[in-house]
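[1] Here's a sequence, model it:
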Amino acid sequence: MREALTVTPIPDPKADLARYRAIVIGTLPQFAGAGFSLIGAGWDSVALECDGWIFKFARHADAEVRLRREVAVLAFLRPRVTMSLPQMVWHEGPQPFSQHRKIAGTSLEATDYEALDEGRRNALATRMAQLYAELHALPLNRMQAVGAVAVDPWMAPDDVLAGAEPLLAKKFYPFLKRTVKAYRKLAIAGDELVYGYFDGHGWNMAFDHATGMLNGVFDFADSGFGSRHRDLSYSNWISADLTLRIIARYEVLAKRDVNRELVMLYTSALRLSELAAGGLPEQRAVENVVNWVSTLDSLPRG
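    Residues are numbered from 1 along each chain as shown. Next up is the predicted model:
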């Protein structure tokens, strides 16, 4: 989770669409008669789609650094992993931007996953486990030379405790305090440090709902160096069942044991951090924590 660098309101979507469409056409006049749509707009970036192409713009200097780094990292990764990734090109200019073909498919939500049969759940888990195993095997010094950096840290444990406690019912205090206590002890040492995706949730997946297959993943702006177990936690946004299936296959592919409780701890810490940070509507953030506690209670022990 990365905190916004500014509290400035996001500009009007219509103004965004008109402005960035004009920039694309100024650089690529062949798109002059085509229809554009705004598919993403936040504090960091804006994304437009046109005729199967995605154009991404950074809103500020730090976001531009991330976007440039993403282009370079993906150029290095694409021939080295089996997962389909975007082939991004960079256009310089007063307002630089990236361009890539859209990978066919749409996001994968929790309800979508629940509708999958066993075979398709296992196929999805295998695809993601292979991606993680391949990324985590990449030499750190080589990735540093490509431009990779450390992933953004999450909120400090004391801040999580101070921000989340007033918003939770007292029956969740043991969970909060237990999580924060374990969160304080987290360390990244030895082979726990890997280059990873750190954004492997369903909104970054190009999933074919007709076939039940994953066509590819995208958005590597937040990839970098960090904890192996943290990287394996993001699929919990879809389903903890998926995460456990990924871990089982990852252990075989990567030939490394994974501490399942540690993976789940990272999700607990992130859910509580979201609540403490106030970036989500309070009711939704509280519900996320409550639902996650229920999920943890339902997981197999041992």
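
[2] Flag every buried residue along stretch 188-196.
    By neighbour count, with 16 or more other C-beta atoms under 10 Å as the criterion, the buried positions of stretch 188-196 are 194-196. Glycine gets a C-beta too; all of them are placed from N, C-alpha and C.

[3] how far does that stretch sit from the chain's center?
    Offset of stretch 188-196 from its chain centre (C-alpha atoms, centre = their mean, to the nearest Å): 18 Å.

[4] Now do the end-to-end distance for it.
    End-to-end distance for stretch 188-196: 13 Å, by C-alpha to C-alpha, to the nearest Å.

[5] same thing with stretch 69-89?
    End-to-end for stretch 69-89, by C-alpha to C-alpha: 12 Å.

[6] hang on, the earlier thing: now, the buried residues of stretch 188-196 that are in strands?
    In this view, those that belong to strands under DSSP state E are 194-196.

[7] Same list, the residues you listed, but as a markdown table with pLDDT please.
    A markdown table is the format used below for these (pLDDT from 0 to 100):
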| residue | pLDDT |
| --- | --- |
| 194 | 98 |
| 195 | 98 |
| 196 | 98 |
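
[8] give me the number of residues near residue 165?
    Residue 165 has 17 neighbouring residues, counting by other C-beta atoms under 10 Å.

[9] before we move on, the earlier item: out of the buried residues of stretch 188-196, which comes closest to residue 164?
    Among the buried residues of stretch 188-196, residue 196 lies closest to residue 164 (C-beta to C-beta), at 26.0 Å.

[10] Just the CA atoms of stretch 273-292, as PDB, please.
    What follows is stretch 273-292, C-alpha atoms only, in PDB (Å, rounded to 0.1, in the frame of the first residue of the first chain):
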ATOM      1  CA  SER A 273      -3.100  -0.300   7.600                       C
ATOM      2  CA  GLU A 274      -5.800   0.600   5.200                       C
ATOM      3  CA  LEU A 275      -8.200   1.200   8.000                       C
ATOM      4  CA  ALA A 276      -5.700   3.300  10.000                       C
ATOM      5  CA  ALA A 277      -4.600   5.400   7.000                       C
ATOM      6  CA  GLY A 278      -8.200   6.500   6.200                       C
ATOM      7  CA  GLY A 279      -7.700   6.100   2.400                       C
ATOM      8  CA  LEU A 280     -10.900   4.100   2.100                       C
ATOM      9  CA  PRO A 281     -14.400   4.900   3.400                       C
ATOM     10  CA  GLU A 282     -14.400   3.900   7.000                       C
ATOM     11  CA  GLN A 283     -17.300   1.500   6.800                       C
ATOM     12  CA  ARG A 284     -15.700  -0.300   3.900                       C
ATOM     13  CA  ALA A 285     -12.300  -0.500   5.600                       C
ATOM     14  CA  VAL A 286     -13.800  -1.900   8.800                       C
ATOM     15  CA  GLU A 287     -15.800  -4.500   6.800                       C
ATOM     16  CA  ASN A 288     -12.600  -5.500   5.100                       C
ATOM     17  CA  VAL A 289     -10.900  -6.200   8.400                       C
ATOM     18  CA  VAL A 290     -14.000  -8.000   9.800                       C
ATOM     19  CA  ASN A 291     -14.300 -10.200   6.700                       C
ATOM     20  CA  TRP A 292     -10.600 -11.000   6.800                       C
END
